[in-house]
Each structure stands twice: as C-alpha cells, then as structure tokens.
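Asker: Predicted model, plus sequence, below.
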Amino acid sequence: MNKQSTQERQKGFVLPYIWKFRWQFLLAACLGSIAVLAAAALLFTSGYLISRSSLRPENILMVYVPIVLVRTFGFSKAVFQYLEKLAGHNGALKILSTMRARLYRMVEPIALTMRSRFTSGDLLGLLAEDIERLQNIFLKVILPALTSLIAYGVAIFMLGRFDVTFALLMALYGALWIGIAPLFLFFLSLKRRRAYKQQRSMLYAELTDAIYGMTDWTLSGRSQAFLQRYNQKFAQMASLDNRLRRAEWIWQLVSRSSTALAVIMLAIWAAGMVFDGQMQPTLIAAMALVTMPLMDVFVKVGDAVYEIPDYMDAIERLKKVESNNNTTNSHPTQSEAAHADVLVQSSQAKAAKLSLQQVSFYYEQHVPSVLDNINLTVAAGSKVAVLGKSGAGKSTMLNIMLGELQPITGTVTINDRNVKEYSDLPFAVLNQKPYLFDTTVANNVRLAKPEATDEQVWRVIEMVELAPLIQSLPNGLHTRMEETGARFSGGERQRIALARILLQDKPIILLDEPTVGLDPITEKKLLDTIFTVLQEKTMVWFTHHLAAMEQMDEIIFLQHGKMAMRGSHKQLIQHEEKYRRLYELDHL
Ligand SMILES: Nc1ncnc2c1ncn2[C@@H]1O[C@H](COP(=O)(O)OP(=O)(O)OP(=O)(O)O)[C@@H](O)[C@H]1O
C-alpha cells in the first residue's frame, strides 16, 4: 500500500478533505454569511421602512435611503447566495473527484479478483453512491454550520454594540440551537435509526428465507403461523418508523418555534430599549425581523444533522472495503501487481494451458447432469476436439470455459489460475455465424482491437487469404459492409472473423462448429487456413462433425455427461469401433 493511501486511510473520509479544501469552504462560508447578513439587513431596513412610513416622515429622504437599501440588500442577498453556491459546489466537486480517485485506488488492486469476490457491479455502484452522498455532508452540514457561525458571530457583535448583556444572552440562545439541540438530535436519531435498520434487515432476511422455504411452510400447514409472526414484526418496524418520523416533525416544530421565540425576545428587548430612550421606536420591528434569516440557517443545520447517520453508514461502508482491501493480502501492492502481471501476461501469451477439474453441471436439479465430473487438460499449444451428438453438452462446456456458466462443482483454470481471476479473458471464439457489423471491413476486423493500424489489419487479412477479395472492393479495407452487398460468402465471413481473432491475439481459441453449412471444398480450405494461422495457439474445437480430426492432438467424445472416449485420432481409429464407424460415415 502506498504512502498516500495509507495516510488517507488513517485520516478518514471527512476531515482530510475539509482541510485540503479549507480555503474554498471558508470562501463559500464567508459568501454565505454575507448573503445571510444581507437577508437580515433586508428585513431590518424593510421593518424600519414600514414603521417609518407609517409615521408620515417629515422628509422624503427619511424613507428614500431605506428604499434604496432594501433594493441593494435584496439584490446583494441573491448575488451572494449564488456566489456561495458556486464556491461551495466548486469545493464539493473537487472533493468528489479526489474521493473518486481514492475509490479507484481502493478497487484497482482487487480489480482482477473482483469478479470472483463480488459477483456483480453492485459493489462499485454502492461505493460510488456512497461517495456522492458524502458530498452532502460538506454542502448540507459543514458549510451551513460554518455560515451560521460566522453570520451569528457578526450579528452578536452588532447587537453587543447596543447591549452587551442581551448580546451574551442571545449568544447563549444561539449556542443552544447551533450546538446543543443538533447534537441531542443527532444522538437520538442515531440510536433510533440504527435500531430501525437492524430490524428492517432482520425482517428482509426472514422474508427471503421464507420465500425459499415457502413449500415447506405450506406443506407443514404453518403458513398462517409464519404470516402472523411476520406481520407482528412488520408492525413493530412500522411503529419504529413512525416514531422516527414523529421525532422529525417534533424537531421541525421546535426549531421553527425557536425562530418565533427569538423574534419575541428581540421585540421585547427592543421595546425595553425604546422605553429607556436608547432606541427609536421605529427600530422595534426592524430588530425583531432581523432574527428570521439568522435563525433560518440554524434550522437548516439541525435538519441536516438528522441525516448524519446515513452519512456515517456510507463512511463505514467505504472504510470497510478499504480495510478489507488492505487485509486480504499481507503485501497487497507488490503481490497484487505481480499477480496482475501474471494474468495479463498469460492473456497475451501465444498459448496457455486450460484445465477443467471435476466439473459438473446441470440446468435443473432433478434431471441427469449435462456434465458429470469432467477432468480435461488442454496443454499450451495443443489442439483438442470435443465431439458429441446434438444435446451432448458441447455448448454447455464451452460456456463453462468462458465463465458464462458457473460449474455446480469443480473449477476451470488457465495456467493453473481460476478463470474467475482473469479480468481480461484469454479466449477468442470462432462460432457458427460471426456477425458482420454495418461499418467498414477494416472496423469489422479490428472489432476486438480498435487501436490496430491499417497495416496490422492488412497483415491478418493476408494471413486468412482474403487480400484479393478485399482489394477488389470499391474502397478496399474502407468499404462499408452494405456496399459489399451479399458479396461475402459463409466461408469468407468466417475468414473475416478469423482475421478478428488473429488481431485479438488471445492464447486460447475456442471453435464452435465454424464450418457448419459450408460445402466440403470451402470447409477444407477454411480448415487448412485455421490450422495454419492458429498453429501456435491452444485450441478447443467443439463439433459433431469429424472433419480434420487427424490434425487434433486429442479427441474426446461426450456422452451422457461423461467422456465416453478419448485419445488421438490414430488411437481411436485403432481401438474404438464406434469412432471408426462415425469417421467413415463422415467421410463417405
Ligand atoms: N438453458 C437451458 N436450460 C435447460 N436445459 C438446457 C439449457 N441449455 C441446454 N440445455 C440442455 O442441456 C443439454 C446440453 O445442451 P448443449 O446445448 O450443451 O448441447 P450441445 O452438445 O451443444 O448441442 P448442439 O450440438 O445441438 O448445440 C441438452 O439436453 C439441452 O436440452
């Protein structure tokens, strides 16, 4: 594990990012505070303006200046809110991209083994979602908290200029709403949410279990008992959910009431100041109204705190994957890199060893196995034919090799490593009907290797003996498929597919009856080309047709899920009467 990621792991998922982007957040918080203060000033001047206007001002300037100020504050509130969003989101997006890079570093070392350790892309989806969610902790919790602190600090300072004691009282009141209440709320929601989640996952587990064992519940005549128990638990969970929602409503009620209480406190204090002759009566409404935008920020902080348990879950999940990733291997970076190297090398080698060890497979449990305890080793560079009549299990075996079907028991290995460990499978398949896409001939050939140059494409075209044909096309390699009309015969289509395979340069080639439907002469020519160009590769040829068996190193004959015969063509011709007859039939 490199130094950078070790440091990341030690610091967690929130603090290092706040520190790293502290200036962006501070800027956003300052802009946000100016917006809040502008909103407070807007209400202050509005309150003053209303009160002043009602008293029939002796001079128009007495209301003209506040009118201009109302406009100015109204305008600047919107502008600073916008700027705050810009700066805040800029910081959050920078964090997001840094976190994504960290996510990449987390999963990259296990990428090769991920297919076997996590069966689908769910994990990545979950992690990516968690990281997206974490950006809210910055935008909805940390930024509003900072903003409210700055704005409230400025407001208390201003208030202190009128009355220090009252300013201190209001500072305490603010501390209650900015610190104590959200903290209390946080612990309350944390406990309840955990209990709710626990109960919900238990219920889901029980339901899944019950669905799997539905027949047994029904047969034992106890389905009503199960339903009763399940409904009881569901009701308990629903009541917990209700309590959580009720707590949320209560918080909303209390927090909104806190604004009303602050307005009343300010109004009473301002009235007292007027009574003592220290303030003009026109300022009472202004002072009372000023509290509203300030308290609004506290309420937002409290609302966001309620969601912190969700963020904590996201952090926990991320940490778990990170530590899992680190503990699964004692020397992760070195050995995983070496492991990856081996796998990549073997997927690029000329040939590779392919083995099936005790592989069994069935599609439905109560019918005989399609494959029953198959042991087969195809040495690197050797050629094996898998024969069998229709339905013998050839396609099933091919799909198991490719990892598209998982054997019920047994393993498939390539160069002694489980096929599941390969991110880049070392197979290429030539099947019965290769598809030609509606693009140029060259693009059809370079399908599996888009970066291949025209020269490389030409080389493989020549190898599969298609050069004269391609040269005769209106635009050569760059002729579009539809312009070639029905020009390509079955054999030529196979040759294009073969060219694709050569360009792909995989060590193991699986042939799934590629010569089906071709006339014997075309078939023979194609087979000659196949065996010439794939000479160095490991080849497994699935067929029910006994052409070119002489060229195979080993032939296995599948029947009733077992290998009924196996050996070289020579051995089978000599010792297996059935094989001899099939061969003769095929060569009539
Ligand atoms: N998806 C499936 N669900 C259930 N049974 C299946 C499924 N696919 C194949 N089978 C059965 O498994 C057995 C083996 O089929 P498979 O396709 O592997 O044979 P095959 O030798 O490739 O036949 P063919 O030469 O006709 O393609 C057959 O009895 C088939 O009916």
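Answerer: Happy to help now that I have it.
Asker: low-scoring pLDDT stretches of the stretch 451-588 of the chain, where are they?
Answerer: Along the stretch 451-588 of the chain, the model assigns pLDDT under 70 to residues 482-487, 587-588.
Asker: give me the residue from it nearest the ligand.
Answerer: Nearest to the ligand, among the residues of the stretch 451-588 of the chain, is residue 544, at 5.5 Å (Cβ to the nearest ligand atom). Where you see a C-beta, it was placed from the backbone N, CA and C, and this is true even at glycine.
Asker: gap between that residue and residue 565?
Answerer: Distance of residue 544 to residue 565, given as Cβ to Cβ, to the nearest Å: 14 Å.
Asker: Over to residue 376?
Answerer: In terms of Cβ to Cβ, residue 376 sits 13 Å off from residue 565.
Asker: any residues in contact with both of the two?
Answerer: residue 556 (Cβ atoms under 8 Å, 6 or more residues apart in numbering).
Asker: Up against the ligand, what does this structure have?
Answerer: 363, 370, 388, 390-396, 544 (Cβ under 6 Å from any ligand atom).
Asker: Drop anything exposed from these.
Answerer: Buried by 16 or more other Cβ atoms under 10 Å: 370, 388, 392-396, 544, out of these.
Asker: what does stretch 387-397 contact?
Answerer: 356, 359, 361, 370-371, 374, 386, 405, 512, 542-544, 546, 555-559, 561.
Asker: and with 6 Å instead?
Answerer: Outside stretch 387-397, the residues that touch it by Cβ atoms under 6 Å, 6 or more residues apart in numbering are 361, 370-371, 386, 542, 544, 557-558.
Asker: Point to the helix or strand of the protein where mean pLDDT is at its lowest.
Answerer: Least confident helix or strand, the chain: helix 111-117 with a mean of 44, by mean pLDDT, DSSP states H and E.
Asker: Which helix in the protein has the most residues?
Answerer: In the chain, with assignment by DSSP state H, the single longest helix is helix 223-275.
Asker: for that one, packing partners?
Answerer: Using 3 or more Cβ pairs under 6 Å, 6 or more residues apart in numbering; DSSP states H and E, the elements in contact with helix 223-275 are helix 181-212, helix 283-305.
Asker: tell me the most buried of those?
Answerer: helix 283-305 (a mean of 22; mean count of other Cβ atoms under 10 Å).
Asker: Give the ranges of residues in this structure that sit below the confidence cut-off.
Answerer: 1-11, 57, 104-129, 178, 205, 208-222, 321-349, 438, 482-487, 587-588.
Asker: Show me the strands in it, by range?
Answerer: 354-361, 371-378, 383-387, 409-414, 417-418, 427-430, 508-512, 538-543, 554-559, 562-567 (DSSP state E).
Asker: Which strands border the shortest one, and is each parallel or antiparallel?
Answerer: Same thing as strand 417-418. In the sheet, strand 417-418 lines up against strand 409-414 (antiparallel) (DSSP bridges).
Asker: Compute the inter-axis angle for the partner strand and strand 354-361.
Answerer: 160 degrees (axes from the mean of the first three to the mean of the last three Cα atoms, to 10 degrees).
Asker: Please identify the buried residues of strand 409-414?
Answerer: Buried residues in strand 409-414 (16+ other Cβ under 10 Å): 410, 412-414.
Asker: Can you report how many residues neighbour residue 578?
Answerer: Look at residue 578: counted by other Cβ atoms under 10 Å, it has 12 neighbours.
Asker: all helices for the stretch 301-450 of the chain, in order.
Answerer: 308-327, 332-348, 394-402, 441-445 (DSSP state H, counting those that start in this stretch).
Asker: picking up where we left off before, so the longest helix of the chain versus helix 181-212, what angle?
Answerer: Using the same axes, to 10 degrees: helix 223-275 against helix 181-212 is 170 degrees.
Asker: For helix 223-275, what is the distance to the chain centroid?
Answerer: Relative to its chain's centre, helix 223-275 lies at 35 Å (Cα atoms, centre = their mean, to the nearest Å).
Asker: in terms of contact, does residue 377 touch residue 357 like I think?
Answerer: No. Contact criterion Cβ atoms under 6 Å: residue 377 and residue 357 do not qualify, at 8.5 Å.
Asker: Got the domain ranges for the chain?
Answerer: Per automatic domain parsing, the domain ranges recorded for the chain read 3-327, 348-426+506-586, 439-504.
Asker: circling back: and the contacts of stretch 387-397, which two are the farthest apart?
Answerer: 361 and 544 (19.1 Å; Cβ to Cβ).
Asker: In stretch 447-456, which residues are buried?
Answerer: In stretch 447-456, counting by 16+ other Cβ under 10 Å, buried: 447, 452.
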